[in-house]
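S.K.: Sharing a sequence plus its predicted fold:
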Amino acid sequence: MPLTLEVSYFNSYYMKRLADVPYIPTAGADRTAVTTGVVSAGSNATFGSSGLGTPAIGMVVSGAGVSANTKITSVNQTQTVMTFDKDVTLTATAYNFTYAWVGPQVSNPDEDWYIEESRIRGGYNNTSTDYGVKAYIVEEQDAQVRRGNSLIYSGIFNSRTGINQTNQFSVAEEITRSVDPISGSIQKLFAEDTNLLIFQERKVNNALIDKDAIFTAEGSAITTSGKLVIGQITPIAGNWGISKDPLSFAVYGYQKYFVDRNRNAVLRLAGGNITEISNYGMIDFFRDQLSAVTSTGVILGAYDNYNQNYVLSIQPNNRYEPDGTAYKTLTFDERSQGWTSFFTYKPDAMFSSQGSFYSAKDESDNSRIFKHYTNQTRNSFYGSTSSSSIQFVFNPSPNNVKTFQTINYEGTNGWEVTSLVSDETGFDSSGGNWINHIDTATGSVRGATAAPLTGNYARIYSYDEGAYTEDNIQYRAGFDRKQNKYMAVIPNNTQTPMPGEVVFGNQTTGIKAYYATVTMKTDATTDPNGLKELFAVSSTFALR
């Protein structure tokens, strides 16, 4: 007898069938080789034009002198000239070309289906059962997009629980944050506590991490914790950025240093404020040096934890190749609020670790790491040594013309004066040319030794190098020591007299000027590469 069953619910499954199976070529081809002998990979091989089928790129060739899995890499329009991905040895015989497809790629009408929908109880929007992997879902806009002013973050990483979602970027979540594109691309990110510093080419921004800021009716900000990974982005006051030199960035404590090459400025970020430290007596220098950096140059920055200095290396032409003296490596000291020293080394990289300062240098294609401040040889970098020098200006009583008579210094033995010149006293017309007049204490070559005392002075010699004996009497052509202070008479080495001068040049001593520019240097013979200290330099002068 008939039986009636009452169905209280049912599950629905909506299936779709594959529209088509990809075309799988199976037809091969035959051709007889015209070129014989060894044909290297990528070289042309000529075959006859008659034969079955059409050779095509990707086909596998088989025959005498051909190794397994040798494939066609190019074919001309007449299918007579081909190249292969392996060396072959051809003979004047027939060769077979076939496709090396790896299955399964077979159409099966009973299995070419996939689940599009599955609802429990079959009701609208009821709970759905798991679809599993849906490889048929594609991104409608799959074109590559470069967003230089945006940030994106992935899923979480937790090593303790084994969760690693760093390769997951869900398009269903708001995982991107953007800054103002008018300020250029993002060049550097630096995380500090619960804040993220975002350095653009022309702006520096501060973003909250794992928190957001809401505002009261009065406009006051209230910072709250939340699930927001990157919160409010706030620009830091000042139209400064890091240009395209993220390698100039360095940090120590709460102070960050970087270079804005586009504005010829070296900057310090501390306490939420940006200060232009290139203004500390070095405006002209950085304007000239930073504007000279080319597309192949680089600006490197690092903090020297050993000496407590910000080290900046400006390399205008080539980072890894010899650059002559075009590069400049110098340091900024917070304690003196100024740029304290130039160095003669050109690093490829710099960093501090465990209280020590290191730099890396490529030498004859061998990269090496050097630890600074570890030996007693002064001014020795990467195997080469050089002298120390310092340049300064004498300018007492700046409103008066003076005659500088002597130069004196307190320090160690071994310092000499290589240049001592006056300011320019004006330009006068002479024979249609404009001539400026200066007084100088050094200039022309005097000879290899200090004695005899004739001719022009090349420099004011150091205490030891200026020593000579005449008639068994010890003399000093340069600095002499009195009461632990080194003193020397300033000779006059001016070659061209000013109009109206009767006695000039080496017939007199002292130079006449409002101010004098002096360069002092360590000599080459007094305790080479040893410690040379210079505490103070002074001059006796007479008002004229």
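M.R.: Looks like it came in fine.
S.K.: For the rest of this, base every contact and every neighbour count on C-alpha atoms.
M.R.: Noted.
S.K.: Which of the helices and strands in the chain ranks last by mean pLDDT?
M.R.: strand 427-430 (a mean of 55; mean pLDDT, DSSP states H and E).
S.K.: quick one: secondary structure of the residue positioned nearest the centre of the chain?
M.R.: Residue closest to the average C-alpha location in the chain (C-alpha atoms, centre = their mean): residue 247, at 3.9 Å. The assignment at residue 247 comes out as helix when based on DSSP: H, G, I helix; E, B strand; the rest coil.
S.K.: please renumber so the chain begins at 730
M.R.: Sounds good: first residue 730 from here, last item residue 976.
S.K.: What sits closest to it if chain neighbours are left out?
M.R.: residue 1029 (5.2 Å; C-alpha to C-alpha, 6 or more residues apart in numbering).
S.K.: Within the helices and strands, which one has that neighbour?
M.R.: Using DSSP states H and E, the element containing residue 1029 is strand 1027-1033.
S.K.: Give the next helix or strand downstream of that strand.
M.R.: strand 1038-1044.
S.K.: Any idea how far that following strand is from the middle of the chain?
M.R.: 11 Å (C-alpha atoms, centre = their mean, to the nearest Å).
S.K.: That strand packs against which elements?
M.R.: If you count contacts as 3 or more C-alpha pairs under 8 Å, 6 or more residues apart in numbering; DSSP states H and E, strand 1038-1044 packs onto strand 1027-1033, strand 1057-1062.
S.K.: try it again with 10 Å
M.R.: strand 979-981, strand 984-989, helix 1012-1020, strand 1027-1033, strand 1057-1062, strand 1067-1072, strand 1078-1082 (3 or more C-alpha pairs under 10 Å, 6 or more residues apart in numbering; DSSP states H and E).
S.K.: got the angle for the third one vs strand 1057-1062?
M.R.: For helix 1012-1020 against strand 1057-1062, the angle between stretch directions is 130 degrees (axes from the mean of the first three to the mean of the last three C-alpha atoms, to 10 degrees).
S.K.: report the angle between the axes of helix 1012-1020 and strand 1038-1044?
M.R.: 50 degrees.
S.K.: Give me the average confidence score over helix 1012-1020.
M.R.: Helix 1012-1020 comes out with an average pLDDT of 94.
S.K.: next one: that helix to chain centre, how far?
M.R.: The mean C-alpha position of helix 1012-1020 is separated from the chain mean by 18 Å, C-alpha atoms, centre = their mean.
S.K.: And the second one, by the same measure?
M.R.: Taking C-alpha atoms, centre = their mean, one finds the center of strand 984-989 at 13 Å from the center of the full chain.
S.K.: So for it, mean pLDDT?
M.R.: According to the model, strand 984-989 has a mean pLDDT of 96.
S.K.: List the contacts of the closest residue to residue 907 other than its chain neighbours.
M.R.: Excluding its sequence neighbours, the residue lying closest to residue 907 (C-alpha to C-alpha, 6+ apart) is residue 879, at 4.1 Å. By C-alpha atoms under 10 Å, 6 or more residues apart in numbering, the contact list for residue 879 reads 905-910, 914-915.
S.K.: out of those residues, which is most surrounded?
M.R.: residue 915 (27 neighbours; other C-alpha atoms under 10 Å).
S.K.: ok, the residue nearest to residue 907 to residue 927 distance?
M.R.: 10 Å (C-alpha to C-alpha, to the nearest Å).
S.K.: overlap in contacts of these two?
M.R.: Counting by C-alpha under 10 Å, 6+ apart, the residues touching both residue 879 and residue 927 are 908, 915.
S.K.: Give me the sheet partners of the host helix or strand of residue 760 and which way each runs.
M.R.: Here residue 760 sits within strand 758-761, counting by DSSP H and E. Under the criterion DSSP bridges, strand 758-761 sits next to strand 823-827 (antiparallel) in its sheet.
S.K.: Alpha carbons of stretch 801-818, as CSV, please.
M.R.: Taking Å, rounded to 0.1, in the frame of the first residue of the first chain, the C-alpha atoms of stretch 801-818 are listed here in CSV:
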residue,chain,number,x,y,z
ILE,A,801,61.7,24.7,-28.5
THR,A,802,62.3,28.2,-27.3
SER,A,803,61.6,30.1,-30.5
VAL,A,804,60.3,29.5,-34.1
ASN,A,805,60.3,31.7,-37.1
GLN,A,806,57.2,32.4,-39.2
THR,A,807,58.0,29.6,-41.8
GLN,A,808,58.6,27.1,-39.0
THR,A,809,62.1,26.3,-40.5
VAL,A,810,64.4,28.0,-38.0
MET,A,811,64.3,27.1,-34.3
THR,A,812,66.2,27.4,-31.1
PHE,A,813,66.3,25.0,-28.1
ASP,A,814,66.9,25.3,-24.4
LYS,A,815,69.6,22.7,-24.4
ASP,A,816,72.6,21.8,-26.6
VAL,A,817,71.8,19.3,-29.3
THR,A,818,73.8,17.4,-31.9
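S.K.: And that stretch, what's buried?
M.R.: 801-804, 808-817 (16 or more other C-alpha atoms under 10 Å).
S.K.: Filter the residues you listed down to just the ones in strands.
M.R.: 801-804, 810-813, 817 (DSSP state E).
S.K.: With distance to residue 773 and pLDDT added, can I get those residues in TSV?
M.R.: Output for those, formatted as TSV (distance: C-alpha to C-alpha, whole Å; pLDDT from 0 to 100):
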residue	distance to residue 773	pLDDT
801	11	91
802	10	90
803	9	90
804	9	91
810	6	92
811	6	92
812	5	93
813	8	93
817	11	93
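S.K.: Lovely, talk soon.
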